[in-house]
Each structure stands twice: as structure tokens, then as C-alpha cells.
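K.L.:
what's the 3D shape of this:
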Amino acid sequence: MDDDKAIATRKGIGSLELGLEVLELISEHSGPISLTKLSELAEMSPSRLHKYLVSLTKLGYVSQLDNAKYMLSNSSIPLGMSALKHSNPVQVAFEYADKLHQELDKTITVTIWNGDVPLVIKWLDSSHFLAVNIRLGSELSPFTSAAGRIFLSHLPKLRCKALVEHYYDSPAPMPRYMGKPIKKAVFYELLEDIKQSNLCCFKEDFLPDINVVSAPIFSLDGSVSTVISLLGNSKETPVNAKSIYVQAVKKASNEATCKISGQLRATSEKDSF
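P.N.:
This next block holds a predicted model:
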């Protein structure tokens with residue numbers, strides 16, 4: 001039994017747990033919330049819920065507005081700031097990389113954006129040999145690596161465009177997708193798809209007989225802090241939508257993001273190319 005499951009089975013103070021759940025529901029709401037709406041979300045009668053709100057208001061964690069709606073108050077701010085101060089996004093990414101490695105026995109990497117290119121800061125080999133020349137400390141191409149395309153797709157629009165235009169103006173080999181060269185207009189469309197899905201998969205695109213799936217881990221400000229990737233032999237590592245490996249990487253990136261920011265990041269519809 002892992003630590004999370006062990007904690008879940010322990011007996012605690014039910015009323016405290018309910019009070020904190022109410023606090024979470026208020027924090028997740030986009031604005032001040034009414035007692036009626038909060039009652040529906042908490043699946044609790046308004047009269048019972050009101051008692052929790054009275055206590056949370058007394059302690060300064062919740063404020064009641066003139067329109068009888070509720071929102072977080074000043075006492076909630078130090079809690080959030082303290083949690084952020086002790087949160088290390090890279091360490092969280094390492095934690096989930098280790099979990100994927102143990103559960104799936106695939107090669108797992110973690111990369112950061114090193115100014116202009118992705119940098120591999122963690123490399124975990126599987127028990128099955130992979131013929132790759134990438135290792136810990138390697139710099140990857142933003143155009144010919146799955147992790148690089150994740151970072152590239154989430155850069156500010158003008159910065160991304162400058163890098164793409166410069167790349168296509170140079171004599172470097174064109175990026176490929178599903179084994180075929182990608183023209184510039186199609187590459188922009190691909191980046192948009194990656195940004196919307198928060199996922200990038202390679203099917204033997206640049207490494208012979210090797211498939212790759214990458215997903216971003218976001219910081220609190222919505223930027224990509226790290227990218228977690230899984231590599232495996234193409235015959236044994238499918239990267240279609242229903243693949244257990246794709247689902248596992250997506251789950252790890254979502255949970256890591258949630259642990260860092262306290263909430264799952266919604267897919268952005270802004271800054272389209």
C-alpha cells in the first residue's frame with residue numbers, strides 16, 4: 001500500500017474534512033458563490049452547510065459579501081503562499097517520472113526549457129535496450145523532439161514565430177510527422193494541435209524503431225515548467241489515443257500539474273497561431 005492509500009484509510013475528524021472540502025469548493029469557483037449553489041456542489045443541506053460557513057468566516061478563511069455570496073478571505077492567502085514557497089516543480093516532475101518508470105519499465109525523461117532548446121535533466125533507462133544517443137544533459141531540438149514541440153507550442157506567440165521562421169529559413173532538415181516532411185504552414189497547425197491537446201507523440205519520426213509520447217507539466221502561472229516523456233520500442237509501445245502509455249503520461253502530467261498548482265489546468269484557447 002502506498003502512502004496516499006495508507007493515509008486515505010486512516011480515521012480522521014469528519015467535520016474537519018467536510019469543512020476543508022467546502023473551502024476547496026469555494027476556491028475552485030470562478031467567483032463569489034451563493035449558499036444555494038455551494039449546497040448543490042457540496043451535496044449538503046443549506047442549513048448544515050451554513051454552520052461550516054459561519055466557522056470559516058469567524059476564522060477569516062471565508063468572507064460573506066453583501067449579496068449573500070461567499071468567497072475566500074485574507075486568512076486563506078498565507079496558506080497558499082506557504083504551500084507555493086515549499087513547492088518545487090522540478091522535484092514534483094521527478095517524482096512522477098519515477099512512478100512511471102517503476103510502473104511501466106519504459107525509458108522516462110524530464111526536460112526543461114533552457115532558453116532556446118529543451119535540456120534533459122532526468123533520464124531513467126528501461127530494462128530493454130534503446131539505441132539512442134540522447135542522455136542526461138543532452139540538448140534537444142525544439143523541432144525534431146516531442147518535448148521540444150511541447151515547449152515550442154506553449155511559448156509566447158511572437159517568440160514561437162521567430163524560432164519557427166528562423167528554422168525554416170535555414171538549410172536544416174525539415175521537421176517530420178508520421179515519417180513525412182512538414183511544410184511550415186502545416187507545422188504551425190501541428191503546434192496548435194499540440195497546444196490544445198497538451199500531448200505530442202512520435203511514431204518512429206526521428207528515432208528508428210522508437211516511439212515517444214510527451215506531455216507538459218505546468219507551473220502555477222500557466223507556463224510549462226517541465227515536459228515528461230516516455231520512450232519505447234515501436235512494436236511494444238503504441239502511441240495511439242487508447243494506448244496505456246499515452247494515458248499514463250497524460251495522467252502523470254495532469255497529477256503533477258495539480259500537485260504544483262492545486263488544480264488541473266484547462267486547455268487554453270488563447271494565443272492561437
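K.L.:
okay, which residue is most central for this protein?
P.N.:
For the chain, the residue sitting closest to the mean C-alpha position, by Cα atoms, centre = their mean, is Ile217 at 3.2 Å.
K.L.:
quick one: buried residues of stretch 205-215?
P.N.:
205-207, 210-215 (16 or more other Cβ atoms under 10 Å). All C-beta spots, glycine's among them, are computed from the backbone N, C-alpha and C.
K.L.:
so what's Leu230 bridging to?
P.N.:
Beta-bridge pairing for Leu230 (DSSP bridges): Ile108, Val213.
K.L.:
who's in contact with it?
P.N.:
By Cβ atoms under 8 Å, 6 or more residues apart in numbering, Leu230 lies in contact with 100, 104, 106-108, 212-214, 237, 245, 248-249.
K.L.:
which of those lies closest to Leu231?
P.N.:
The closest of these to Leu231 turns out to be Thr107 (Cβ to Cβ; 4.2 Å).
K.L.:
ok, the closest one touching Leu124?
P.N.:
Yes - the pair Thr107 / Leu124 is scored as a contact, 6.6 Å apart, by Cβ atoms under 8 Å.
K.L.:
which of those two has more neighbours?
P.N.:
The neighbour count for Thr107 versus Leu124, taken as other Cβ atoms under 10 Å, is higher for Thr107 (25 against 18).
K.L.:
ramachandran angles for the residue nearest to the centre of the chain?
P.N.:
As for Ile217, its main-chain torsions (degrees, to the nearest 10) stand at phi -110, psi 120.
K.L.:
run through the bridge partners of it.
P.N.:
Bridge pairing for Ile217 (DSSP bridges) gives the partners Thr226.
K.L.:
what sits against it?
P.N.:
Ile217 touches 89, 92-93, 96, 224-228, 253, 256-257, 260, counting by Cβ under 8 Å, 6+ apart.
K.L.:
which SS class is Gly148?
P.N.:
Three-state assignment for Gly148 (DSSP: H, G, I helix; E, B strand; the rest coil): helix.
K.L.:
now it, nearest residue through space, not along the chain?
P.N.:
Among residues not flanking Gly148 along the chain, Pro142 sits closest, at 3.8 Å (Cβ to Cβ, 6 or more residues apart in numbering).
K.L.:
quick check: phi and psi at the one you found.
P.N.:
Dihedral angles for Pro142 - degrees, to the nearest 10 - are phi -70, psi -20.
K.L.:
tell me which helix or strand Phe151 sits in.
P.N.:
Here Phe151, judged by DSSP states H and E, is contained in helix 146-154.
K.L.:
quick check: mean pLDDT across that helix?
P.N.:
Across helix 146-154, pLDDT averages out at 96.
K.L.:
elements contacting that helix?
P.N.:
If you count contacts as 3 or more Cβ pairs under 8 Å, 6 or more residues apart in numbering; DSSP states H and E, helix 146-154 packs onto strand 107-113, strand 118-124, helix 157-169, helix 184-197, strand 200-203, strand 210-218, strand 224-233.
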